[in-house]
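J.: next comes the sequence, and after it the predicted model I'd like to discuss.
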Amino acid sequence: MRNSLAYSRKAKFTVMLICCLSMASGENLLADQIPKYGLIGTPYAVPLSQDHKYLQNSKNKAFDYWNLAPFYIPQINEISCSVASVTMVLNGIIRAGHNLKAEDINVTQAKLIERINALNWKDRVTPGGVNGERGLKLDQLEIVVKEALLQYEVSNFEIDRIEVANVDATTLKKFRHDLAANEDSGMDYILIHFVQDVVTEAQGGPYPHISPIGAYDKVHKRVLVMDVDRDWYEPYWVSDKRLLLAMSKKTERFGFGGYLWIRVKSDNK
């Protein structure tokens, strides 16, 4: 107790120092002082644990969130985000809301990666990669998703692959249309291929990344990203404009990002 005053003064000084550093033009905070998701007061993203009113409103069905949340899993390593994301979506399609038998098992990442032969997917998500290539580009993700759906006997589906090369008004309008349509249906899912650090402010990027979308709040124009990078993140809300920007960032190895809109017909349910 005798050091409480000194501690209080020290704490105030530390807060003042951080604020000054954050406001200084061209200055960066020290690594252990950088807030997750951007600067305090003006974050690019907001964690679900801090803002969950949308999901608490009974008017918002949030089909995808409730279908994916029971199967929300972490990527196994830094390059296996595609595996975790596809596993979640498959479980959402063939497990969520079904009357399952005792012997029915969920899709797991380990079992999924053994069943899919396309593009040597298993090798691409291991450190060695395939001829030095690791992870999946957007078009490769589509190929893998198609085979995964067929392997798990989901035959009546459509996939739209939308590459995002810019953030103009037309592209944003389409993205918002697709998000709203997806939110209104429990029969479709969206997987995004984006540069993660554009949203999270993680240092040392760019970090091309894949994750499912859990919900879209069209009133506030924000997207709930079910980020499978669970070592660092929980689900977070980000504006649709910012997410579009993150998808439009071109990287040398993966090109432009974008999203897959996976729609499943009712006879598969």
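T.: Arrived safely, thanks for sending.

J.: so which helix or strand takes in Leu90?
T.: Assigning secondary structure by DSSP states H and E places Leu90 in helix 81-94.

J.: can you name every helix or strand that that helix contacts?
T.: In terms of contacts (3 or more C-beta pairs under 8 Å, 6 or more residues apart in numbering; DSSP states H and E), helix 81-94 is packed against helix 63-68, helix 109-115, helix 138-151, strand 188-195, strand 208-217. In this view, the C-beta of every residue, glycine as well, is placed from N, C-alpha and C.

J.: just put those in a markdown table and tack on mean neighbour count.
T.: Supplementary listing: the helices and strands packed on helix 81-94 in a markdown table, determined by neighbours: other C-beta atoms under 10 Å:
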| stretch | mean neighbour count |
| --- | --- |
| helix 63-68 | 22 |
| helix 109-115 | 15 |
| helix 138-151 | 19 |
| strand 188-195 | 26 |
| strand 208-217 | 26 |
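
J.: so the residue nearest to Ser49 when sequence neighbours are not counted: helix, strand or coil?
T.: Counting by C-beta to C-beta, 6 or more residues apart in numbering, Ser49 lies nearest to Glu234, which is 6.1 Å off, once chain neighbours are set aside. Secondary structure of Glu234, reduced to three states by DSSP: H, G, I helix; E, B strand; the rest coil: coil.

J.: what sits against Glu234?
T.: 47-49, 227 (C-beta atoms under 8 Å, 6 or more residues apart in numbering).

J.: hang on, the earlier thing: buried set for the helix holding Leu90?
T.: Taking 16 or more other C-beta atoms under 10 Å as the neighbour-count basis, helix 81-94 is seen to contain the buried residues 81-94.

J.: for Arg124, give its distance to Asn117.
T.: Counting by C-beta to C-beta, to the nearest Å, the gap from Arg124 to Asn117 is 12 Å.

J.: which residues does the closest residue to Gln140 other than its chain neighbours contact?
T.: In space, not counting the residues next to it along the chain, Gln140 is nearest to Leu119; the distance is 5.5 Å by C-beta to C-beta, 6+ apart. Leu119 makes contacts with 130, 136, 140, 143-144, as judged by C-beta under 8 Å, 6+ apart.
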